[in-house]
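J.: Prediction below, plus the sequence it came from.
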Amino acid sequence: MQLTEVIGDVVLIANEGTSIAQCISSDIAMGAGIAKAIEAAFHIRGDILGRCTPDMLTVGNVVEIRREVCPGRIISIFNVITKPKAHDKPTYETLRLGLERLGELLSEYSRVYGTRRIPELAIPRLGCGLDGLQWDVVRPMVQKTLCGNGTHVCVYVLK
């Protein structure tokens, strides 16, 4: 499938029924940037802390939380863990590990359900906001790990 980029807000598109992914830290701080906005909209932090054991909250892992955004419409919020603490910075390697795991999850859904459970995934420029990674390096990583499994990836960039 393909990757497209549009100007818009990933949180708003999630409220309309599209699954999303974001980068977070192992400490689940979610106190700044897009993680703070997603937490404010969907209140996922408590679910992550309540459902996950410490070994699940390791760099390179992905934690999925589901939310019903309107009657009968459930989205997945994929939390890609790219750094140990909120004040740390991810590396391209830790982001790559998380993206590979996310790509595996998306491919598993296709095999298990026989159809695309996640036909479209909305993301911000993962790791490129407050975390400081460069989109021209991250974009090919996203294409390689997420776009080859049949999911259309749409990157939302705030104005």
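T.: On my side now, so go ahead. Since we're looking at a predicted model, the values are computed, not measured.

J.: Name the surrounding residues that touch the helix or strand where residue 144 lies.
T.: For residue 144, the host element (DSSP states H and E) is helix 135-146. Here helix 135-146 makes contact (Cβ atoms under 8 Å, 6 or more residues apart in numbering) with 3, 92, 95-96, 99-100, 102-103, 106, 121, 123, 125-128, 153, 155. C-beta: built from backbone N, CA, C; applies to glycine.

J.: Just the buried residues of stretch 128-140, please?
T.: Neighbour-count burial for stretch 128-140 flags 128-129, 131, 133, 135, 138-139 (criterion: 16 or more other Cβ atoms under 10 Å).

J.: tell me the mean pLDDT over that stretch?
T.: What stretch 128-140 shows for mean pLDDT is 97.

J.: how distant is that stretch from the center of its chain?
T.: Chain-centre distance of stretch 128-140: 14 Å, with Cα atoms, centre = their mean, to the nearest Å.

J.: Endpoint to endpoint, it covers what distance?
T.: This stretch, stretch 128-140, spans 13 Å end to end (Cα to Cα, to the nearest Å).

J.: cool, and stretch 5-12?
T.: In stretch 5-12, first residue to last residue: 15 Å (Cα to Cα).

J.: tell me, what residue is most central in this protein?
T.: The chain has residue 21 as the residue nearest its centroid, 1.6 Å off, counting by Cα atoms, centre = their mean.
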